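Asks: Got a sequence here, can you build the structure:
(2 chains)
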Amino acid sequence: MAGTGRTAEKVPWTKREHEGLAAGLFLLPNLIGFLIFTAIPVGAAFVLAFYDYDLLLGASWAGLENFREMFTTDEVFRAALFNTVYFTAVSVPLSVVLGLATAMLVNQALRGIVIFRSIFLLPYVTVTVALSLVWKWIYLPDIGLINSVLGVFGIAGPPWLTSGTWAMPALILMSVWKGFGYNMVIFLAGLQSIPDHLYDAAKVDGATAWRRFLNVTLPLLSPTTFFVVVISVISSFQVFDQALIMTNGGPGTATTTLVLYIYQKGFQSFDMGYAAAVALVLFAAIFVFTVIQFMFQRRWVTYD
Amino acid sequence: MRLLDSIGAALKGKGVEAPGSKAYWPILIYATLMAMAFLTLVPIVWMVLTAFKSAPEVAANPPTWWPREWHPENFAAAWTFAPFGRYLINSFVMVGGITILQTVTSALAAYAFARLQFRGRDLLFLLYLGTLMIPPQVTVIPQFILIKELDWVDTYQGLIIPQAFTAFGVFLLRQFFLGIPRELEDAARIDGASRFGCFWRIILPLSGPALATLAVFSFLFHWNNLLWPLIVSNSDATVPVVVGLRNFQGQYGTEWNLLMAAAAIATIPTVIVYLLAQRWFVRGITMSGFGGR
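Replies: Below is the predicted model of the structure:
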C-alpha cells in the first residue's frame, strides 16, 4: 500500500483538497464510463427523439414530427401501446397475488421448505430465450403439451401463439410463471420482518387466520406490496425477450410490445430517431404510472 | 377493528379454529407446494427430456413424457450445427468482463459516495440515481450509435464496456458501505492509514457479502440479457450463447430436440451459478428492493 503511513499523524481530513483529490481518484474509473456510456446516452436519447436519424443518411431535425406520426397515423405503435398496457394490466395483478400467496406458503416453518423456495425462483434465473423456446413448443397447437393435456379432457385447445385472441394470454401465462418467484422473494422478506408478537396479540384477541391476514399481514406488508407492484409494472412495461422469441410480435401485431417495436424500428428498419421517440414514450408511460402509484400509495400503504 | 374482531369472535364462540385443524394443515400446505413445484418445474424438465428424444418421438402425437430411447448425441449434433462452444466462451468473456469491471469500479465509486467529503457529491449521486429510473431501452439507441462511431460493433469491448457502468452497482455498494461503522476507519486513520488503505484493508474485507451479491446479480443478469448483444454482435466471434440460441432457432426452428438441447446448454451455467450462489442472489433481490420494506 503505497503512501500508507506517510501522511500520518496530523488529521488529514480537515484539508478539503486532499479529500477532493482522493474522491476524484476513487470516482474516476466508474465516473468516466458512467458519463460516456450511461449519462450522455440518456441525454442523447431525449435529443434524438426530435430528429430523423438514419445510420447511413445521418440526422436531420424533425421537431415533433416523430410524435405526431406516432399518435396519428402509426397503427403499429397504437397496437404496441395497447398490447403493453394489456400485458401489464393482466400480468402484474396475477404475479403479485401469486407471489404473495407463494411467499405465505414458503414462510411456514416446515421441513424442506427451502427447497420449494429454490424451485419457485428457478424460472426467474433460467435463460429467458431458452424458456421462451420451451414454451413455444408447449403451446404448439397439435403436439404441444398444453393442448395434449386439454385433449385428455376432451377440450380442443386454441392454436395459442398463432391466434390473435390467445397469443397475448399465452405470453402473459409464460411471463407470470417465469416472474412470480421474484415477487415471492421480496414478499418473503417483508413477511419475515413482521414481528411475531403482533400475531400472538391477534390470536389472544381471538382473530381467525383470515382476520389475522387481513388486519395484521396485509397492512404491515403494504410497503412491500407497494414496492412489488411498482417494480412489476416497470418490468412488465419492458417485456421483450418472450415476445421476440415466441411470437415476434404476431400474429399481425397482436403481441408487438413497445420494446419489441423499438427494436424493430431502430434495428431492423434503422429508423433510429423514431425508435428513440417511441422509447421516450415508453419512459414517459413508466414515469407517469410510477408517479400515479406514489400519489395513491397513501390511500393504502401504511408505514409504521 | 380489533374490537370488532373480538366481538365477532365472542359471538361465534371460541371454536373459530377447530381444535384438530392443526394436524392436517402442514399436509395441506405440502400438497399445495408439491402441486405448484410440479407446475413450475414441468417446462424446465420438459426441455431437458425433449433434448434427449429422437426426432420422430418429438413429433409424436400425443407427446411422450419419458424418452423411449435416450439420444445424448443430440447435444453433440446441436454443438456441431452451431459453434455453441464458441458462444459459451463469448458469453463467459462478456459476462466476466462486465462483472469484474462493474464490481471493481462500483466499489471504488461507492466508497467515495459513502465516506468522502467533496463538492457536488450529493448532486452527482442524484445523477447516478436518476439514470436508474431510465429504462435501458431508452439508452440503447444512443449507445449503439456511440459504439458504431467508436467502431466497436461486433467486438468484445462493444459488448462489455457500455453495460459495465450502470448506477445499480454504485447504489447497491454505497448502501452497504454506509452500514459499516465509521469508528473502524477512524482508528486506522489515526494510525496513519490512507483513504485507499482504509478502503482496501477495512472496507473491502468486510464487504464480501455485498460484492458477492453484486457479482452474482451481474452474472445472472448479463448472461440472460438479450437486447444489447442482439444489436452489437453479428458474427460467431462475439455472439453470446443467448443470441446464438436465438439464431439457431431461426435455422433449425422445427428440430425441437436439437433446439431443446441447445437451450439446455445455454441454461446450464446460470442454473449452476444460481444453485451455488442462491443466497447472494436472494440477498441481491431484497437489497435492491430497498430492504423490501
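Asks: where are the low-confidence patches of chain A?
Replies: Residue ranges of chain A with pLDDT under 70: A:1-18, A:304.
Asks: Quick one: the helices in it, in order.
Replies: For chain A, the helices defined by DSSP state H cover A:16-34, A:40-48, A:65-72, A:75-106, A:113-125, A:128-138, A:145-152, A:167-192, A:196-204, A:209-212, A:218-237, A:241-242, A:258-267, A:272-300.
Asks: Dump those to JSON lines, plus mean neighbour count and distance to chain B.
Replies: For every residue, glycine as well, the C-beta is placed using N, CA and C. Putting the helices of chain A into JSON lines (neighbours: other Cβ atoms under 10 Å in any protein chain shown; distance: least, Cβ to the nearest Cβ, whole Å) gives the following:
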{"stretch": "helix A:16-34", "mean neighbour count": "18", "distance to chain B": "3"}
{"stretch": "helix A:40-48", "mean neighbour count": "18", "distance to chain B": "4"}
{"stretch": "helix A:65-72", "mean neighbour count": "16", "distance to chain B": "12"}
{"stretch": "helix A:75-106", "mean neighbour count": "20", "distance to chain B": "6"}
{"stretch": "helix A:113-125", "mean neighbour count": "19", "distance to chain B": "4"}
{"stretch": "helix A:128-138", "mean neighbour count": "25", "distance to chain B": "4"}
{"stretch": "helix A:145-152", "mean neighbour count": "16", "distance to chain B": "5"}
{"stretch": "helix A:167-192", "mean neighbour count": "23", "distance to chain B": "4"}
{"stretch": "helix A:196-204", "mean neighbour count": "13", "distance to chain B": "8"}
{"stretch": "helix A:209-212", "mean neighbour count": "16", "distance to chain B": "6"}
{"stretch": "helix A:218-237", "mean neighbour count": "20", "distance to chain B": "5"}
{"stretch": "helix A:241-242", "mean neighbour count": "24", "distance to chain B": "5"}
{"stretch": "helix A:258-267", "mean neighbour count": "24", "distance to chain B": "5"}
{"stretch": "helix A:272-300", "mean neighbour count": "18", "distance to chain B": "4"}
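Asks: Adding distance to B:Pro83, write the ones you listed out as TSV.
Replies: Shown next, in TSV, are those (distance: least, Cβ to Cβ, whole Å):
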stretch	distance to B:Pro83
helix A:16-34	30
helix A:40-48	32
helix A:65-72	40
helix A:75-106	35
helix A:113-125	25
helix A:128-138	17
helix A:145-152	30
helix A:167-192	28
helix A:196-204	56
helix A:209-212	57
helix A:218-237	32
helix A:241-242	22
helix A:258-267	23
helix A:272-300	31
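Asks: Those helices: which one's closest to B:Asn74?
Replies: Closest to B:Asn74 of these, according to Cβ to Cβ: helix A:128-138, at 14.3 Å.
Asks: tell me, what residue is most central in chain A?
Replies: For chain A, the residue nearest the mean C-alpha position is A:Ser235 (1.2 Å; Cα atoms, centre = their mean).
Asks: any idea how far that one lies from B:Ala107?
Replies: Here the criterion is Cβ to Cβ, to the nearest Å. By it, A:Ser235 lies 26 Å from B:Ala107.
Asks: follow-up on the earlier one: which among the helices of chain A is found nearest to B:Arg283?
Replies: Of all the helices of chain A, it is helix A:167-192 that lies closest to B:Arg283, at 9.4 Å by Cβ to Cβ.
Asks: other SSEs contacting that closest one?
Replies: helix A:75-106, helix A:113-125, helix A:128-138, helix A:218-237, helix A:241-242, helix B:21-51, helix B:256-288 (3 or more Cβ pairs under 8 Å, 6 or more residues apart in numbering or on different chains; DSSP states H and E).
Asks: now the ones you listed as JSON lines including distance to B:Phe92?
Replies: As requested, these are exported to JSON lines (distance: least, Cβ to Cβ, whole Å):
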{"stretch": "helix A:75-106", "distance to B:Phe92": "31"}
{"stretch": "helix A:113-125", "distance to B:Phe92": "17"}
{"stretch": "helix A:128-138", "distance to B:Phe92": "17"}
{"stretch": "helix A:218-237", "distance to B:Phe92": "26"}
{"stretch": "helix A:241-242", "distance to B:Phe92": "20"}
{"stretch": "helix B:21-51", "distance to B:Phe92": "22"}
{"stretch": "helix B:256-288", "distance to B:Phe92": "8"}
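Asks: Which of these sits closest to B:Trp79?
Replies: Closest approach to B:Trp79 among the helices and strands packed on helix A:167-192 is made by helix B:256-288 (7.5 Å; Cβ to Cβ).
Asks: what distance separates that closest one from the centre of its chain?
Replies: Per Cα atoms, centre = their mean, to the nearest Å, the displacement of helix B:256-288 from the mean C-alpha position of its chain is 8 Å.
Asks: what do you get for stretch B:64-75?
Replies: Computed by Cα atoms, centre = their mean, the chain-centroid distance of stretch B:64-75 equals 30 Å.
Asks: Can you point out the buried residues in it?
Replies: The neighbour-count check on stretch B:64-75 (16 or more other Cβ atoms under 10 Å in any protein chain shown) flags B:67, B:71, B:74-75 as buried.
Asks: mean confidence for that stretch?
Replies: In this model, stretch B:64-75 has an average pLDDT of 88.
Asks: Surely A:Thr224 and A:Val185 touch.
Replies: No - using Cβ atoms under 8 Å, A:Thr224 makes no contact with A:Val185, being 10.8 Å away.
Asks: Show the backbone phi and psi for the one residue in the stretch 201-304 of chain A that gets nearest to chain B.
Replies: Closest to chain B within the stretch 201-304 of chain A is A:Gly206: 3.1 Å, counting by Cβ to the nearest Cβ. When read as degrees, to the nearest 10, the backbone of A:Gly206 gives phi 80, psi 20.
Asks: what's the spacing between the spatially closest residue to A:Leu198 that is not a sequence neighbour and A:Thr102?
Replies: Once flanking residues are discounted, A:Leu198 sits nearest to A:Val216: 5.3 Å by Cβ to Cβ, 6 or more residues apart in numbering or on different chains. From A:Val216 across to A:Thr102, the span is 19 Å (Cβ to Cβ).
Asks: With B:Leu172 instead?
Replies: Note on B:Leu172: its distance to A:Thr102, by Cβ to Cβ, is 25 Å.
Asks: on that earlier part again, what's the closest of the helices of chain A to B:Leu227?
Replies: Across the helices of chain A, B:Leu227 has its closest neighbour in helix A:258-267 (6.9 Å, Cβ to Cβ).
Asks: Check which helices and strands the closest one is in contact with.
Replies: Using 3+ Cβ pairs under 8 Å, 6+ apart, helix A:258-267 is in contact with helix A:75-106, helix A:272-300, helix B:136-149, helix B:227-232.
Asks: The longest one: how far from the chain's middle?
Replies: In this case it means helix A:75-106. Distance of helix A:75-106 from its chain centroid, counting by Cα atoms, centre = their mean, is 10 Å.
Asks: Show me what it packs onto, helices and strands only.
Replies: By 3+ Cβ pairs under 8 Å, 6+ apart, helix A:75-106 packs against helix A:113-125, helix A:167-192, helix A:218-237, helix A:258-267, helix A:272-300, helix B:21-51.
Asks: Also compute the angle for it relative to helix B:21-51, please.
Replies: Using axes from the mean of the first three to the mean of the last three Cα atoms, to 10 degrees, the direction of helix A:75-106 lies 130 degrees away from that of helix B:21-51.
Asks: tilt between helix A:75-106 and helix A:167-192?
Replies: Per the same axes, to 10 degrees, the angle that helix A:75-106 makes with helix A:167-192 is 40 degrees.
Asks: Repeat that for the second one.
Replies: Orientation check (the same axes, to 10 degrees): helix A:272-300 against helix A:167-192 gives 40 degrees.
Asks: tell me which strands and helices helix A:272-300 is in contact with?
Replies: Using 3+ Cβ pairs under 8 Å, 6+ apart, helix A:272-300 sits against helix A:40-48, strand A:51-54, helix A:65-72, helix A:75-106, helix A:218-237, helix A:258-267, helix B:136-149.
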